[in-house]
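1. Please work out how this folds:
(one chain, ligands or ions: 1)
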Amino acid sequence: MTARCRPILLLVALVLAAWSLGPGGHLAAAETKAASLYLVGVGPGDPDLITVRALEVLKRAQIVYCSPGIREKFATELQGKEVVEGFWRLFPYYGKDPSTLDGQERAEAEELAAKRKDFTARVRQAVAAGKTVAILDNGDPLIYGPWEWCLEEFEDLRPVVVPGLSAFNAANAAIGKGVTTSERTKAVILTSTDWPGKTDTIERLAAHRSTMVLFTMRAEFDDFIRKLSAAYPPETPVAVVQHAGYQGKQRVLRGTLGTIREQVGREPLPFEYLIYVGDFLSHRYKKP
Ligand SMILES: C[S@@+](CC[C@H](N)C(=O)[O-])C[C@H]1O[C@@H](n2cnc3c(N)ncnc32)[C@H](O)[C@@H]1O
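-> Take a look at the predicted model:
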């Protein structure tokens, strides 16, 4: 090796080392085998939308935390594992001191803090005993994920995130159009119902007239449509995608902001549905 090559090789080695640690200090894929704690996205819809990597981690895990729905969906893969339910939705008030709250809020925050304490103690005990622990979440765990807080709580254990397909990906496929392709915009805003304290309300975001995808949670359909209608014209295309990723159950209802309320009717919508708004829904490369 010539003396002139040495600095270049050193630089390449440094870049590779930094890359393998990633921006948050998490380990690169090749090194994940040694991890003790995983946050795993299992995808939306049918079980075959889980990734090969997630299945590999599931195989290795001895203790698995998940919802009853995920347990049922992956009953075969979870056989022989210690599966723990009952710790779903522990995120509210995380990072807040309950004593700074009042009344009902304070009572709820205290109850959740006690439950989180129990959960974190169990996980730490398991990891200390040399067990591999996996927390399973629907879709991608970092898109409106109820377990995100764990990454902060267990930072010292260097948890590894296994990405999952989001309901967003499955719904795009159900619609069958390029979600970033339209005449007027190339941007997609993922958002949800208006949460207290957040300034980027649906009405404000809608003013950009970008494509919007709403993760609806349990909020009122009429409320979403009313807020969107404040900025988009009534002829703007809309799609309501229910049960994305479930073959035989998935449903796409297409209309416009002006017609969609009537098309949806008064039947209650399921928890699993997304609202899409934007011209990409009617985009065609070939003009008539
Ligand atoms: C707490 S968020 C979880 C999102 C999840 N982490 C993901 O990446 O898909 C739940 C919301 O996601 C949407 N959702 C989840 N699964 C869905 C599905 N299969 N079809 C349509 N929407 C879905 C719904 O809007 C639901 O209210």
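2. ok, now which ones touch Ser210?
-> Applying CB atoms under 8 Å, 6 or more residues apart in numbering, we find Ser210 in contact with 185, 187-189, 278. Heads up, the C-betas are built off the backbone N, CA and C, glycines and all.
3. That should have said Thr193, apologies.
-> For Thr193, the contacting residues are 202, 214, 216-217, 219, 223-224, by CB under 8 Å, 6+ apart.
4. Can you narrow these down to the ones near the ligand?
-> 216-217 (CB under 6 Å from any ligand atom).
5. Of the contacts of Thr193, which belong to strands?
-> Mapping the contacts of Thr193 onto strands (DSSP state E) picks out Leu214.
6. Checking the closest residue to Tyr65 other than its chain neighbours next. Helix, strand or coil?
-> Excluding its sequence neighbours, the residue lying closest to Tyr65 (CB to CB, 6 or more residues apart in numbering) is Ile135, at 4.6 Å. Recorded secondary structure, Ile135: strand (DSSP: H, G, I helix; E, B strand; the rest coil).
7. Next, work out how far apart Ile135 and His208 are.
-> Ile135 is 35 Å from His208, where distance means CB to CB, to the nearest Å.
8. These two: who's more crowded?
-> Ile135 (25 against 12; other CB atoms under 10 Å).
9. ok, now which ones touch the residue in the stretch 101-250 of the chain positioned nearest to the ligand?
-> Closest residue of the stretch 101-250 of the chain to the ligand, CB to the nearest ligand atom: Gly139 (2.2 Å). Contact analysis of Gly139 by CB under 8 Å, 6+ apart lists 41-44, 145, 164-168.
10. partner residues bridging it?
-> With DSSP bridges as the criterion, Gly139 is bridged to Gly43.
11. Please tell me how far it sits from Lys117.
-> With the distance defined as CB to CB, Gly139 ends up 27 Å from Lys117.
12. thinking again about what came up before, buried only: go through the contacts of Ser210 for me.
-> Buried by 16 or more other CB atoms under 10 Å: 185, 188-189, 278, out of the contacts of Ser210.
13. number of nearby residues for Glu148?
-> Glu148: 17 neighbours (other CB under 10 Å).
14. any idea how far Thr211 is from it?
-> 25 Å.
15. Then Pro159?
-> 33 Å.
16. cool, Val127 as well?
-> Val127 sits 42 Å away from Thr211, going by CB to CB.
17. Let me know the average pLDDT across stretch 185-195.
-> Across stretch 185-195, the average pLDDT comes to 96.
18. try stretch 51-69
-> For stretch 51-69, the mean pLDDT works out to 97.
19. what about it, how long is it end to end?
-> Start and end residues of stretch 51-69 are separated by 18 Å (CA to CA, to the nearest Å).
20. re the thing from before, neighbour count winner among Val127 and Thr211?
-> Neighbours per residue, other CB under 10 Å: of Val127 and Thr211, the larger number sits with Thr211, 23 against 18.
21. how far away is the nearest residue to that one once chain neighbours are set aside from the ligand?
-> The spatial neighbour of Thr211 that comes closest, neighbours along the chain excluded (CB to CB, 6+ apart), is Gly278 at 3.4 Å. Per CB to the nearest ligand atom, to the nearest Å, Gly278 is found 17 Å from the ligand.
22. Right, I'll leave it there.
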